[in-house]
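Colleague: what follows is a predicted structure for the sequence shown.
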Amino acid sequence: MTQVEIWGIAIGLAMDCFTVSITGGITLKVLKWKPIAVTALLFGIFQAIMPVIGWLCSRWLSDYIGEYDHWIAFLLLAFLGIKMIIDTLRGGDGESHAFDPSNVKTIMLMAIATSIDALAVGISFAFIYGSDWTAIAWPVAVIGIVSMLMSAVGFVGGTYFSRLKRFKPELIGGMILIGIGLKILIEHLTKGI
């Protein structure tokens, strides 16, 4: 997986965090650094942990289904991307409406909810990287850092620009995930041609 793909996946996964953070900023209306820091930290941690959990749970499968791994990675990423796009076009993201961004329990629930997609990406990492944990360390770190930064930026932006709630970052994130899934599939299908 190239650096562009790794950063693209990280940005795509962080779009949910970004949106929830914008909503948090809009809800608070003023800059409060503690909720911003707690939200960014928890979102970053959960976005980094979930791919590791997905990779750990499925890495042993890659030895048995290596012939189909590119299809599985494509289907997982395409499914997540399409789901994000459909949710956006339907007018909802499911988890970012009306929450108290200063309540740690609420932030923890949002961190878990926004990181479920990262679990599926971790499953695809098992098919891409196999059982080499050092190979997933960099992508996982990038995912966590990007999610943390985009959460902080979204929160701060939300406090200043309430009109950002009409912005649809999940649409962009969905397209990025689908594009990366297609690239993985095409790369594997054209090997040896």
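Modeller: Yep, that arrived.

Colleague: okay, CA-based contacts and neighbour counts for the rest of this
Modeller: Fine.

Colleague: next one: the residue nearest to Thr114 when sequence neighbours are not counted, what pLDDT does it get?
Modeller: Closest residue to Thr114 apart from its sequence neighbours, by CA to CA, 6 or more residues apart in numbering: Asp16 at 5.7 Å. Per-residue confidence (pLDDT) for Asp16: 79.

Colleague: was I right to think Asp16 contacts Ile116?
Modeller: No. Asp16 is not in contact with Ile116 according to CA atoms under 8 Å; the separation is 10.3 Å.

Colleague: more neighbours: those two, which one.
Modeller: Here Asp16 and Ile116 are compared on neighbour count by other CA atoms under 10 Å; more neighbours surround Asp16, at 29 against 17.

Colleague: which strands and helices sit next to the helix or strand containing Ala113?
Modeller: Ala113 is part of helix 104-129, with elements assigned from DSSP states H and E. The contact analysis (3 or more CA pairs under 8 Å, 6 or more residues apart in numbering; DSSP states H and E) places helix 104-129 against helix 3-28, helix 33-58, helix 69-89, helix 133-160.

Colleague: angle of that helix against helix 33-58?
Modeller: Angle of helix 104-129 versus helix 33-58, following axes from the mean of the first three to the mean of the last three CA atoms, to 10 degrees, is 40 degrees.

Colleague: just the mean pLDDT for helix 104-129, thanks.
Modeller: Averaging pLDDT along helix 104-129 yields 83.

Colleague: where does Asp93 land on pLDDT?
Modeller: According to the prediction, Asp93 has pLDDT 46.

Colleague: Val121 and Leu56, how far apart?
Modeller: 12 Å (CA to CA, to the nearest Å).

Colleague: so between the two, which is more surrounded?
Modeller: Val121 (24 against 16).
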